[in-house]
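Chemist: with the sequence up front, the predicted model follows.
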Amino acid sequence: MKVSVVIVVEAVNDYVREAIEHLLKLDFQDFEILLFLGEASGETFPKTRLLARPDLAGNPSQRRDLSITEAQGEILAFLDDDAYPSVSWLSKALPHFEDERVAAVGGPGVTPPEDDWKRQVSGFVHTSPVGAGSFSFRTRPDRIREVDDFPSMNLLVRKSDFDNIGGFDSNFWPGEDTKLCLDLTAKLSKKIIYDPEVLVYHHRRPIFKGHLLQVGRYGLHRGFFAKVLPRTSRRLIYFLPSMLLLAFFFGLVTTSLFQISNFKFQIINRQSVLIVYLSSITSYFLLLAFNAFWVWQKSKSLKIAFWTIPAIFLTHFWYGFQFIRGIISPRLRR
C-alpha cells in the first residue's frame, strides 16, 4: 500500500527539512513526499516532488486538494509543515486501512523534547487535563479509539474516500479538517481511528503571542462551526471557556454593584452571591495550581509548571471570547 505524504508550506524552511530527514528514516519506505509550495524553490530532496502554486499561496486547503490528481499513493498522509514523524508512523497506521470501513487514521502530535521552555509551556496547555480537557489525547498518547473529528496536522486518509467527498472544503479554512472528518463519517458512514502509536512530533507556538493567536483562530472557527456544523461542534466542552469568561465578567460586575451603597438586590442576598462568586474563582485557580503540579511531575521543571498557570488562564479567556465572536459572526473572512 503506497503512501503519499502531503505537506503544505509557503516556502521551504528548517522545519520542512527536519520533517523530510525523519521521513527518510521511517521503517516503512513505500511512500512519496508531495511538497506543495506557495513559491518556487531550487532545493531538491529524495523521494520528494516540489509543486509550486503561487496562485494558491495562503490557501493550504486548496493546495492539499491537488493531491487528488498528483498523488500516486492509495493513502494520503497529511502532515503539518512544523511536524515530523516518529519512526513507525506509517507502519503503525497502515494496518487499520485493511478494514474497508476505515476512511482515516490519526495520532497524537507530541511536543518535541528539544523545543524551548516557551513552546513546552504551550505544549502543556494543549496536553494537560485542565488546559485541554478531554481533547488532550490529540497531543499525547492515549487509548486507541474511534473519533469523529481530528486535526489534519497528523491525519492519514484513504485517497478514494478523500476523492469521493471532494477533498477539503476551502470555505472553512482554517478548520477544514473538521468539515473533512464530518464528511467522512456522516456522508460516507466510515470510521476515523485514533491510534497513539501513529505519533508525530509537533512544534508549538511560543507563549504568549504566537500561542494565543493560534488558539484564538481555533476558538473563532469552532464558534462558527457550532452554528453551521453542529453535529461535531455543538458540544459542551467547546462552550466551557465562554461560560467561564461570562461568569467571571458578570460576577465581577455584580460584586462591583454591591459596593454602591444605594444599590439593593431584593431577590438575591448579596453575601450569598459574593460567596458563590469568590468560591468559584478560588476553585478555578486551585484547579490551575493542581494542574501546574501535574505539569511539574511530567516536565520536572518548576519554571514550565509555573507559567502554565497564566498561560491556561489566558488561553481559556481568549478562546472563550473568540468562540463568542464566531457564534455571532454571520460569516468568517478567510
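Modeler: Received the coordinates, thanks.
Chemist: list the beta-bridge partners for the nearest residue to Asp99 once chain neighbours are set aside.
Modeler: Counting by CB to CB, 6 or more residues apart in numbering, Asp99 lies nearest to Lys191, which is 7.7 Å off, once chain neighbours are set aside. C-betas here are computed from N, CA, C, even on glycine. Beta bridges link Lys191 to Val102, judged by DSSP bridges.
Chemist: please renumber the chain so that the first residue is 649 from this point on.
Modeler: All right, first residue 649 from here; so that's Lys839.
Chemist: and Lys839, how close does it get to His964?
Modeler: For Lys839, the distance to His964 equals 32 Å [CB to CB, to the nearest Å].
Chemist: neighbour count: those two, which is higher?
Modeler: His964 (23 against 18; other CB atoms under 10 Å).
Chemist: what are the structural domain limits within the chain?
Modeler: 651-854, 878-976 (automatic domain parsing).
Chemist: which one of those domains has the poorest average confidence?
Modeler: The weakest mean pLDDT among the domains of the chain belongs to domain 878-976, with a mean of 85.
Chemist: which stretches in the chain count as strands?
Modeler: Under the criterion DSSP state E, the chain carries strands at the ranges 651-657, 679-685, 696-700, 723-727, 731-733, 750-754, 757-758, 793-795, 802-806, 839-842, 848-850.
Chemist: listing partners with orientation, what would you give for the shortest one?
Modeler: In its sheet, strand 757-758 lies beside strand 848-850 (parallel), with partners assigned from DSSP bridges.
Chemist: residues making contact with the partner strand?
Modeler: Under the criterion CB atoms under 8 Å, 6 or more residues apart in numbering, residues 727-728, 730-734, 737, 755-760, 787, 801-802 lie in contact with strand 848-850.
Chemist: centre of the chain versus it, how much separation?
Modeler: 12 Å (CA atoms, centre = their mean, to the nearest Å).
Chemist: cool, and stretch 662-675?
Modeler: Offset of stretch 662-675 from its chain centre (CA atoms, centre = their mean): 21 Å.
Chemist: what comes up buried for it?
Modeler: Buried positions in stretch 662-675, judged by neighbour count with 16 or more other CB atoms under 10 Å: Tyr663, Val664, Glu666, Ala667, Ile668, His670, Leu671, Leu674.
Chemist: rewinding a little: give me whichever of the domains of the chain is most buried.
Modeler: With neighbours taken as mean count of other CB atoms under 10 Å, the domains of the chain reach their highest mean count in domain 651-854, at a mean of 19.
Chemist: from Gln768, how far off is Lys948?
Modeler: Separation of Lys948 from Gln768 (CB to CB) stands at 11 Å.
Chemist: actually, Arg711.
Modeler: Distance, Arg711 to Gln768, using CB to CB: 31 Å.
Chemist: go on, Asp796?
Modeler: Distance of Asp796 to Gln768, given as CB to CB: 30 Å.
Chemist: tell me which of the strands of the chain lies nearest to Trp942.
Modeler: strand 757-758 (16.5 Å; CB to CB).
Chemist: that older thread, which member of the buried residues of stretch 662-675 is positioned nearest Ser920?
Modeler: For those, the nearest to Ser920 is Tyr663 (53.8 Å; CB to CB).
Chemist: what residues are up against the closest one?
Modeler: The neighbourhood of Tyr663, defined by CB under 8 Å, 6+ apart, consists of Val657, Asp729, Asp730, Ala731, Tyr732, His851.
Chemist: ok, Leu847 next?
Modeler: By CB under 8 Å, 6+ apart, the contact list for Leu847 reads Pro733, Ser734, Trp737, Lys740, Gly755, Pro756, Val758, Pro789, Asn802.
Chemist: now Asp811
Modeler: So Asp811 contacts Ile716 (CB under 8 Å, 6+ apart).
Chemist: surely Tyr699 touches Gly686?
Modeler: Small correction: residue 699 is Leu, not Tyr. No: when contacts are counted by CB atoms under 8 Å, Leu699 is not listed as touching Gly686 (10.7 Å).
Chemist: rewinding a little: the residue nearest to Asp747 contacts Asp796, doesn't it?
Modeler: No: using CB under 8 Å, Lys839 is not in contact with Asp796; the gap is 9.0 Å.
Chemist: list residues touching both of those two?
Modeler: Shared contacts of Lys839 and Asp796, defined by CB under 8 Å, 6+ apart, comprise Thr833.
Chemist: which residues does Leu727 contact?
Modeler: Leu727 neighbours (CB under 8 Å, 6+ apart): Val653, Val654, Ile655, Ala667, Pro733, Met801, Asn802, Val848.
Chemist: partners of the fifth one in the sheet?
Modeler: Using DSSP bridges, the bridge partners assigned to Pro733 are Val848.
Chemist: go ahead and confirm it touches Glu669.
Modeler: No: counting by CB under 8 Å, Pro733 stays clear of Glu669, with 10.5 Å between them.
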